[in-house]
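[1] predicted model and sequence follow; I will ask about them next.
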Amino acid sequence: MRLQHLIMEGFGRFSGKRRLNFEPGLNIIKGPNESGKSTILQALVTTLFTPHNTKAKEVLSLASWGREGGFRLELSFEDDDGKPYQLVKEFGRGLGELSGDGKRLTSTEAINKHITELCGCPNREFFLATACVRQGELAIEQEAGVAERLQGIGSGSPAGDVGGVLTEIHTDATSRAQNADGPAKHLVETDAQLAGVEKAISELTGKVRRLLELRAKHVELAEKQDNLAEKYKHKKELLENNQTLQKTEAELIELAGRSAQLDKARICQKELEELNEELDSIPNCNQEDAEYILSLQGALLHSTEKPPGLSKKTKRISMLLSVIGAIGFLGGAIWGAVSGFSTLPIVVINIGALTTLLGLFWVLLSRRMASTLGEKRSLLDELGKALQKVGYRNYDDFDKDRHLRNSIEEKISGKRNLLSGLTGGKELGEFEKIMHTDQLRLDYLYKQKEKLLPYALKRDINSAEFAEALLHLEKEVSQLEVGSTGLKEELLTIEGSLASIDADPEQLTGLEEEKERLLEWKEFYVHRIEVLLKAKELLGIAYQQTLANAVPTIKKELETYISTITGGRYSEVELDASSLTISAKAPETGEMVNIEKLSTATQDQFYLVARLGLVRHLTGGVRPPLILDDITVNFDDQRREATKKILTELSKDYQILLFTCHDFHDDWGRLIELEA
């Protein structure tokens, strides 16, 4: 089989439509981690071997994230004779078709059968265990020898295991027959069970008697519990109804009180509106104008009043005194100068000076008083303008309205505080809405009260008698609850005792039937041991025949490529039919040498070719594509070059898909690069 192209649509990380083209020979599929190499291998295996009509979640979950309707895979290939085929599978829709060589197959069975014939692999597990060589099989740290690795091909898959599965079955048969790990062990266990059944029958009578006694007591207590529970339920409902009724009545009282608050709030709101109207009737004066008027009035009150007798006549007398005093002062000075400043002239001078000073003082005082009176007239004019601005003709009217406004504002503040206290800080409209809701609540509570009254204690008794009756009811409910709890605990104890008794009245009959069944099993296991011993013998023969039949094919494959493997050093090989041990003829001595003594690189080349021969044998000569998963990742340059040579030779006969994330193989064959 030679793959030509693979189309993936909505599969795994390839959410769109992705096509990969392959060529005969060696194909290198290179890409970093998470680039889709594993997805491609999974798509190939799914296309070839997974039924298109599967409902398995693990298959349908391979669709790309967010894609509905499943995914589509298409594979074009040629058979070994060059005939073209096309395989299409639409998972999720359950559609599949294999066309080629004049055939068109659509059923799952027909497609699977023809794929097996074309690639020689009956199922997915066989293909992965034979035609796929994983990275670890050719690692430097590989401890298993070539023969051991060849025998382990397909391990875990009965269809693909050459010797491993036969060995496993052979060992299983031997252990089951001889080591009591199978029928022999079951036979011993059956005898022990028979003895246990006999003992159980002898012990069963006493257990059944105890069981019946406990069951009878359980029924009696269960009836008491039911009666007590019914009485408790009735009393409990009565108590709850009375408690609910008490809460309802308390809430009714509270709501009624809130309704009275609403009336008070409405009266307060009306008074507040009247005060605001009265306040609005007073001429409005802002704070700045009022303060200015008050400051002018204060300045007038502190201004100097005109002294008494200070008139125009007084001013003239003051001026006259000043003139007379000056004349007297000058005359006295002249007189003194002439007479030699005797006593009289000096007296005249002093009197003149005093008269002058007195006159000047009265002149200055009159001027000062004139200035003060001017300032007062200016203040009066400014005050008049300020009062006129705010709508007043005199200061007394302004002062009267100011005191009235302050009084009204204090009343308004008090009313607002009172209203806020009545409404709980809410606006009256909002409080009215709340009270409307409360009214609805009141209506509901009245109706609830009417419903509860028939199912509560009688209300025609006084409050003290009612409280005593309610307390008595609470005690009665509590006692019933304690009694019910005690019965429940006793029932649980009995149920625990019943659960601990591993017996049943019908168990006696069951034990007899069990005894008969165990005797039949004993006979069966004796026969099974005989069959397994015979199977052991036959499987041993089949094991040897399988290895012997594979030897010619493996040897032929090795002889074809041995020169390439050893660089021309070795040309002959031998294969042990019982163990698949490989030996090569040494040119120096002419003797056969076990290849396990050769270099690790040479051993890996022998293993790769021998494995291919074993695959050819297991697939009946059909050539499936060979999948190699980064097998040279741990090789040195010498081993990698040797692997390149052998793969180049093998690719002449097989189509090889080498998956890798390295650049070592770019020139080995057709390069298919993937992006992360």
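    Sure, I can see it.

[2] residue contacts, the closest residue to Arg67 other than its chain neighbours?
    Here the nearest residue to Arg67 in space, its sequence neighbours aside, is Gly10; by C-beta to C-beta, 6 or more residues apart in numbering that works out to 4.5 Å. Using the backbone N, CA and C atoms, a C-beta is placed for each residue, glycine as well. Under the criterion of C-beta atoms under 8 Å, 6 or more residues apart in numbering, the contact list for Gly10 reads 16, 63-64, 67, 69-72.

[3] if you look at these, which of them are in strands?
    When DSSP state E defines the strands, the subset of the contacts of Gly10 inside them is 16, 71-72.

[4] for Asn227, phi and psi?
    Backbone torsions for Asn227, taken as degrees, to the nearest 10, come to phi -60, psi -40.

[5] contact partners for Gly66?
    By C-beta under 8 Å, 6+ apart, Gly66 lies in contact with Ser15.

[6] where does Ala89 sit: helix, strand or coil?
    To be clear, residue 89 is Lys; Ala isn't right here. In three-state terms, and counting by DSSP: H, G, I helix; E, B strand; the rest coil, Lys89 is strand.

[7] oops, could you answer that again for Ala548 instead?
    Recorded secondary structure, Ala548: helix (three-state DSSP).

[8] ok, it touching Ala577?
    Yes - when contacts are counted by C-beta atoms under 8 Å, Ala548 is listed as touching Ala577 (4.2 Å).

[9] before we move on, the earlier item: just the buried residues of the ones in strands among the contacts of Gly10.
    Neighbour counting over those (16 or more other C-beta atoms under 10 Å) leaves 71-72 as the buried ones.

[10] still on that earlier bit, got CSV for the contacts of Gly10, with pLDDT and distance to Phe91 too?
    Compiled in CSV, these are given as follows (pLDDT from 0 to 100; distance: C-beta to C-beta, whole Å):
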residue, pLDDT, distance to Phe91
Gly16, 87, 17
Ala63, 92, 8
Ser64, 90, 12
Arg67, 81, 11
Gly69, 81, 10
Gly70, 90, 5
Phe71, 95, 6
Arg72, 95, 8
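
[11] which among those residues gets closest to Leu98?
    In terms of C-beta to C-beta, no member of these lies closer to Leu98 than Arg72, at 14.8 Å.

[12] just name the shakiest helix or strand of this structure by mean pLDDT.
    When each helix and strand of the chain is scored by mean pLDDT, DSSP states H and E, helix 164-178 comes last, with a mean of 44.

[13] thinking again about what came up before, and the contacts of Gly10 as CSV, adding distance to Glu277?
    Compiled in CSV, these are given as follows (distance: C-beta to C-beta, whole Å):
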residue, distance to Glu277
Gly16, 81
Ala63, 81
Ser64, 79
Arg67, 78
Gly69, 79
Gly70, 83
Phe71, 84
Arg72, 87
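
[14] kindly indicate which of those lies nearest Glu591.
    Within the contacts of Gly10, proximity to Glu591 (C-beta to C-beta) peaks at Phe71, which comes in at 58.1 Å.

[15] these two touch, right, that closest one and Phe91?
    Yes - between Phe71 and Phe91 there is a contact at 5.6 Å, judged by C-beta under 8 Å.

[16] tell me, what's touching the two both at once?
    In contact with both Phe71 and Phe91: 62-63, using C-beta under 8 Å, 6+ apart.

[17] what is the mean pLDDT for the host helix or strand of the residue nearest to Arg67?
    If you go by DSSP states H and E, Gly10 is part of strand 2-11. With pLDDT averaged residue by residue, strand 2-11 scores 95.

[18] pLDDT weak spots in the stretch 501-650 of the chain?
    Applying pLDDT under 70 to the stretch 501-650 of the chain flags the ranges 502-505, 508, 525, 528, 531-547.

[19] helices along that one, start to end?
    With helices called from DSSP state H, counting those that start in this stretch, the stretch 501-650 of the chain shows them at 507-565, 600-618, 637-650.

[20] for the ones you listed, which one ends up most surrounded?
    Per-stretch averages of neighbours, counted by mean count of other C-beta atoms under 10 Å, single out helix 600-618 among these, with a mean of 23.

[21] understood, closing this out.
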